[in-house]
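Participant: Starting from these lines, generate the structure:
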Amino acid sequence: MSAAALLDACRARGLTIATAESCTGGMVAAALTDPAGASDVFLWGVVTYSNAAKVDLLGVGADTLAAHGAVSEAVAREMAEGARARSGADLAVSITGIAGPGGSEFKPEGRVCFGIAAAGATRVETVEFGARGRGAVRLAARDHALGLLSQAAAGP
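Facilitator: Got it, this is the predicted structure:
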């Protein structure tokens, strides 16, 4: 679903969106604000590239970061829930990952964790996009996040 179609689906259901991004650096927010008139659906987006920003702006627990690291489903969950709570949006998506270059044996390049928070439920998942290059990983992560929002906007 395109960003414009996602916005239309949210309008039809009276839903609003917020984003919390790390490795994509605001690419999801940019996609959502590209169509004219997005302000009735898209409330705000925050880029929390540093751990301190994740804590200060989204309320991610320092203990969660210490226990799991920034690239984890636990942090993705807290990012999405923090964005939803602080923005008042109906839906919030979060993205935290290793776009590359680099990574480690335990957290390889191309690993991206996502969170999608809606009323009463938050879902998290990890996608291994592989070492396809920084730009390609970031684009794939943006598109995946838009897909998660589209699924959430479509409802149960």
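Participant: Now do the phi/psi pair for the residue nearest the centre of the chain.
Facilitator: When the chain is reduced to its mean C-alpha position, the nearest residue by C-alpha atoms, centre = their mean turns out to be residue 94, at 2.2 Å. Backbone geometry at residue 94, expressed as degrees, to the nearest 10, gives phi -130, psi 150.
Participant: Adjust the sequence numbering to begin at 22 for everything that follows.
Facilitator: With the count now opening at 22, the last piece we talked about shows up as residue 115.
Participant: and the longest helix along the chain, what does it pack onto?
Facilitator: For the chain, the helix that runs over the most residues, judged by DSSP state H, is helix 155-175. If you count contacts as 3 or more C-beta pairs under 8 Å, 6 or more residues apart in numbering; DSSP states H and E, helix 155-175 packs onto helix 24-34, helix 48-54, strand 112-118, strand 132-139, strand 142-149. For the C-beta atoms, the positions are set from N, CA and C on the backbone; glycine is no exception.
Participant: Return the set of buried residues in the first one.
Facilitator: Within helix 24-34, the residues that qualify as buried are 24, 27-28, 30-31, counting by 16 or more other C-beta atoms under 10 Å.
Participant: Contacts for it, please.
Facilitator: 22, 36-38, 52-53, 55-56, 58-59, 61-63, 111-112, 167, 170-171, 174-176 (C-beta atoms under 8 Å, 6 or more residues apart in numbering).
Participant: how does it look with 6 Å?
Facilitator: Residues from elsewhere that reach helix 24-34 (C-beta atoms under 6 Å, 6 or more residues apart in numbering): 52-53, 56, 59, 62, 170-171, 174.
Participant: cool, and the fourth one?
Facilitator: If you take C-beta under 6 Å, 6+ apart as the criterion, strand 132-139 is touched by 92-94, 97-98, 100-102, 105, 112-119, 144-149, 162, 169, 173.
Participant: Buried only: go through those residues for me.
Facilitator: 92-94, 97-98, 100-102, 105, 112-119, 144-145, 148, 162, 169, 173.
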